[in-house]
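[1] starting from these lines, generate the structure:
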Amino acid sequence: MTEVPSISLNNGVGIPQLGFGVFQIPPEDTRAAVLTALETGYRHIDTAQMYGNEREVGQAVRDSGLDRTEIFVTSKLDNDAHEPEAAQRAFRRTLETLDIGHVDAFLIHWPLPKIGDFVETWHAMEEMYRSGDVNVIGVSNFQPHHLRRLLDNSTIVPALNQIEIHPYLTQDELRAFDAEHEIATQAWSPIAQGAVLGDPVITSIAERLGKTPAQVTLRWHIDRGDIVFPKSVTPARVKENFDLFDFALSEDDIAQISALNRNERRGFDPDTFNPSS
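    Numbering: from 1, shown residues only. A predicted model of the protein is given here:
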């Protein structure tokens, strides 16, 4: 079976660089999709409270026959639970819903600066980490100025920052900030919801290498050092997205893809996103 590279986080915990995401996978389809991913070789599953499919992720992990220590499971705090006591309750619900013993990583899903003080939320996350029920704590969709506030007002540096990244939004400045502070960068929406797959630069490289545009794009993420987790409910696509380690991009290929940057988001802007508006 293909050996997926592992990245060592700032607390020494290892995380598989390629994972499987379950965003927008309906609960009724999640167990089968995750089982297919685990059978294919994925050992990193990314979910969230707001996805509504934690229970099915947990069922798949339990039903897979794999030892729990072989699978890295991430979930994220919902936007309505930022108050510290609410965050603690929400985390306990995730532990109960997944029912897999512990959570490998738990992240603040959005900073929500217009709603409340995410620093206080982070202090609750630090308590979760100290409890021993989660191995890694981190954030998602945090910009450099959000991270500076955390670093200036907390004792634990986030291990992960999960952000939108794809060839049309390369996030070089934010990735550099993460790297400077030993925060690993994870890429969500890695193929820009399919928008980059018809790009002539990517299709040309794919044709030359005998790979699909999706595989080339995901390999670009891997080569840049990002942790990436594509999602699909189609078994053939799940397997295709895993088949990234029998070819290599040249430095010129990587530079050409990176040059496609347009600072074009497919998701919300973390500085303005307000889920209640």
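
[2] identify the residues contacting Val73.
    By C-beta atoms under 8 Å, 6 or more residues apart in numbering, Val73 lies in contact with His44, Ile45, Thr47, Val57, Val61, Leu98, Ile100, Val103, Asp104, Ala105. (C-beta placed from N, C-alpha, C; glycine too.)

[3] so which of the residues you listed comes closest to Pro27?
    Using C-beta to C-beta, Val57 comes nearest to Pro27 of those, at 9.5 Å.

[4] how about that closest one: what's its closest non-neighbour residue?
    Thr47 (4.8 Å; C-beta to C-beta, 6 or more residues apart in numbering).

[5] quick check: pLDDT value at the one you found.
    Listed pLDDT for Thr47 reads 98.

[6] show me where the chain has its helices.
    Taking DSSP state H as the test, the helices found in the chain are 27-40, 54-63, 84-98, 118-131, 144-152, 172-180, 200-209, 213-224, 235-242, 251-258.

[7] spit out the contact partners of Gly225.
    Ile7, Ala179, Thr185.

[8] give me that answer again for 7 Å
    For Gly225, the contact set (C-beta atoms under 7 Å, 6 or more residues apart in numbering) is empty.

[9] ok, Phe20 next?
    Counting by C-beta under 7 Å, 6+ apart, Phe20 has contacts Val34, Ala37, Tyr42, His44, Ile45, Phe229, Lys231.

[10] the fifth one reaches Val57, doesn't it?
    Yes - assessed by C-beta atoms under 7 Å, Ile45 is found in contact with Val57 at 5.8 Å.

[11] and for these two, which residues touch both?
    Val22, Val34, Val73.

[12] dump these into CSV; add pLDDT and distance to Pro167 as well.
    Output for the shared contacts of Ile45 and Val57, formatted as CSV (pLDDT from 0 to 100; distance: C-beta to C-beta, whole Å):
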residue, pLDDT, distance to Pro167
Val22, 97, 23
Val34, 98, 27
Val73, 98, 28
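
[13] and of those residues, the nearest to Met128?
    Distances from Met128 to these, taken by C-beta to C-beta, are shortest for Val73, at 14.7 Å.

[14] for the closest one, give the beta-bridge partners.
    Beta-bridge pairing for Val73 (DSSP bridges): Ile45.

[15] how close does it get to His166?
    To His166, Val73 is 24 Å away according to C-beta to C-beta, to the nearest Å.

[16] swap in Thr272?
    Distance from Thr272 to His166, by C-beta to C-beta: 20 Å.

[17] the two: who's more crowded?
    His166 (26 against 9; other C-beta atoms under 10 Å).

[18] would you confirm that Trp220 contacts Ala259?
    No - between Trp220 and Ala259 there is no contact under C-beta under 7 Å: 11.5 Å.

[19] for those two, indicate the residue with more neighbours.
    Taking neighbours as other C-beta under 10 Å, Trp220 and Ala259 compare with Trp220 leading, 28 against 10.

[20] surely the residue nearest to Val57 meets Ser75?
    Yes - using C-beta under 7 Å, Thr47 makes contact with Ser75 at a distance of 5.2 Å.

[21] intersection of neighbour lists for those two?
    What both Thr47 and Ser75 touch, as defined by C-beta under 7 Å, 6+ apart, is the set Glu54.

[22] for the residue lying closest to Gln143 once chain neighbours are set aside, give me its contacts.
    Counting by C-beta to C-beta, 6+ apart, Gln143 lies nearest to Pro270, which is 5.5 Å off, once chain neighbours are set aside. Pro270 makes contact with Trp110, Pro111, Asn141, Phe142, Gln143, according to C-beta under 7 Å, 6+ apart.

[23] could you rerun that using 8 Å?
    When the contact criterion is C-beta under 8 Å, 6+ apart, the partners of Pro270 are Trp110, Pro111, Asn141, Phe142, Gln143, His146.

[24] ignoring the adjacent residues along the chain, who's closest to the third one?
    Here the nearest residue to Asn141 in space, its sequence neighbours aside, is Pro270; by C-beta to C-beta, 6+ apart that works out to 4.3 Å.
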